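> Prediction below, plus the sequence it came from.
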Amino acid sequence: MSDYKLVQLDVDTLKYLPQLYESVYKKRSPANFFQLKYDTQYTGQQYLGYFAFWEDMPVAFYGVIPVKLLIRDETVLGAQSCDTMTHSSHRKKGLFIKLAKMTFDLAKEKNIHFIFGFPNKNSYTGFVEKLGFLKTETMNRYTLKFTENWFKKVYRKLFFLLKRNSKIIIKNKLLEQGFDGVIYDEEFIQYKKYNKNTILCNGENVFWLNTYGNMFLGALEITNEKNLKEQLHFIEKKTKAASLTLIISRGTLLDEVLSTLHVAEEGFPVIMKDLSGKFFLNQIRFQFADIDIF
């Protein structure tokens with residue numbers, strides 16, 4: 001480990017993230033993607049992560065993103081574990097664990113009370129067995145498939161090109177159901193524009209959509225849960241979606257209603273690491289809009 005230079009993420013080192021991403025994944029990130037993703041100044045904290053350099057080249061990175069959550073009616077700062085990158089020539093050297101532990105120490109200094117994440121199968125074991133995360137649940141995934149054709153593809157591109165500047169605010173309905181969760185305010189919704197997403201309305205019904213690949217439904221605010229099927233078809237008709245994917249914590253009202261209409265698949269596991277011990281985290285629930293890929 002002494003051969004590596006460990007450097008904190010900041011406004012100057014941020015430029016190395018696209019470079020490392022391209023070397024690891026062999027593709028370029030969208031312009032300004034990481035600059036916008038790690039600009040979390042609206043939370044009061046930003047740039048929580050560390051690089052490992054080898055001969056002045058970035059070869060590994062781990063970072064978390066501060067998030068404001070409501071826990072038992074109190075605004076609390078947590079952070080989502082998101083980007084883990086290690087160049088193939090520098091794996092199995094303990095870099096991921098070292099950078100993660102340094103990031104957790106930094107987060108604790110910045111009054112981050114806990115870290116949460118939605119790991120894939122490749123990283124789950126490392127988080128749980130080596131970093132002390134606890135699995136709290138497995139989310140449900142619902143995929144609605146519609147017809148696809150060339151007209152729909154062209155329409156979707158034009159539709160979201162015109163709709164991306166929406167200033168409509170959507171509520172996190174999970175909070176109204178008595179759960180704890182991410183606070184959806186104007187600052188959070190504006191921040192999430194680092195990804196391609198927009199908010200649609202059908203009367204008093206509001207939908208938060210991401211157009212990456214096919215289509216993700218991040219959150220919805222509808223006046224009557226019984227008309228959910230009708231509202232989902234409104235989205236398909238309005239956007240010409242080929243499919244619509246929702247991911248939601250089990251046991252929430254939306255999950256219960258969706259389960260009567262569609263068969264659920266296994267979604268992301270949810271893991272948490274308590275840094276302060278000041279809050280009970282067992283009532284936190286998530287949906288797709290809370291995940292960094294939305």
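Ah, there it is.

> Following element in sequence after the longest strand seen in the chain, please.
Under DSSP state E, the strand in the chain containing the largest number of residues is strand 57-71. Downstream of strand 57-71, the first helix or strand assigned by DSSP states H and E is strand 74-86.

> packing partners for that following strand?
helix 16-25, strand 57-71, helix 95-109, strand 114-117 (3 or more C-beta pairs under 8 Å, 6 or more residues apart in numbering; DSSP states H and E). For glycine as for every other residue, the C-beta is placed from the backbone atoms N, C-alpha and C.

> buried stuff in it?
Neighbour-count burial for strand 74-86 flags 76-86 (criterion: 16 or more other C-beta atoms under 10 Å).

> could I get these as TSV with distance to K92?
Formatted as TSV, the buried residues of strand 74-86 follow (distance: C-beta to C-beta, whole Å):
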residue	distance to K92
V76	36
L77	33
G78	30
A79	26
Q80	26
S81	20
C82	22
D83	19
T84	14
M85	15
T86	9
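
> Identify, from the residues you listed, the entry nearest to F280.
V76 (11.0 Å; C-beta to C-beta).

> quick one, what contacts that closest one?
By C-beta atoms under 8 Å, 6 or more residues apart in numbering, the contact list for V76 reads 68-70, 113, 279.

> most neighbours, which of those?
Highest neighbour count within the contacts of V76: L69, with 24 neighbours (other C-beta atoms under 10 Å).

> isn't that one right next to R285, touching?
No: look at L69 against R285 with C-beta atoms under 8 Å: they stay out of range, at 10.6 Å.

> buried residues in stretch 241-257?
Buried residues in stretch 241-257, counting neighbours by 16+ other C-beta under 10 Å, are found at 241-242, 244-249, 252, 254-255.

> in the protein, which spans are strands?
Under DSSP E, the chain gives strands at 5-8, 48-54, 57-71, 74-86, 114-117, 134-145, 181-182, 197-202, 205-210, 216-221, 243-248, 265-274.

> for those strands, which one sits closest to D39?
The nearest among the strands of the chain, by C-beta to C-beta, is strand 57-71 at 9.9 Å.

> so how far is the closest one off the chain centroid?
11 Å (C-alpha atoms, centre = their mean, to the nearest Å).

> Now do that strand against strand 74-86: the angle between them, please.
Per axes from the mean of the first three to the mean of the last three C-alpha atoms, to 10 degrees, the angle that strand 57-71 makes with strand 74-86 is 160 degrees.

> which secondary structure elements does strand 57-71 contact?
helix 16-25, strand 48-54, strand 74-86, helix 95-109, strand 181-182.

> Let's have those in CSV, adding mean pLDDT and distance to F33.
Output for these, formatted as CSV (pLDDT from 0 to 100; distance: least, C-beta to C-beta, whole Å):
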stretch, mean pLDDT, distance to F33
helix 16-25, 96, 7
strand 48-54, 97, 15
strand 74-86, 97, 11
helix 95-109, 97, 20
strand 181-182, 98, 21
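
> Would you check how far apart K37 and D83 are?
K37 is 8 Å from D83, where distance means C-beta to C-beta, to the nearest Å.

> scratch that, F114
Distance from F114 to D83, by C-beta to C-beta: 18 Å.

> so where's the stretch 101-250 of the chain uncertain?
Low-confidence segments of the stretch 101-250 of the chain (pLDDT under 70): 159-166, 212-214.

> hmm, 90 instead?
Scanning the stretch 101-250 of the chain with the threshold set as pLDDT under 90 gives 121-122, 144-169, 193, 195-198, 200-204, 210-215, 222-230, 232-243.
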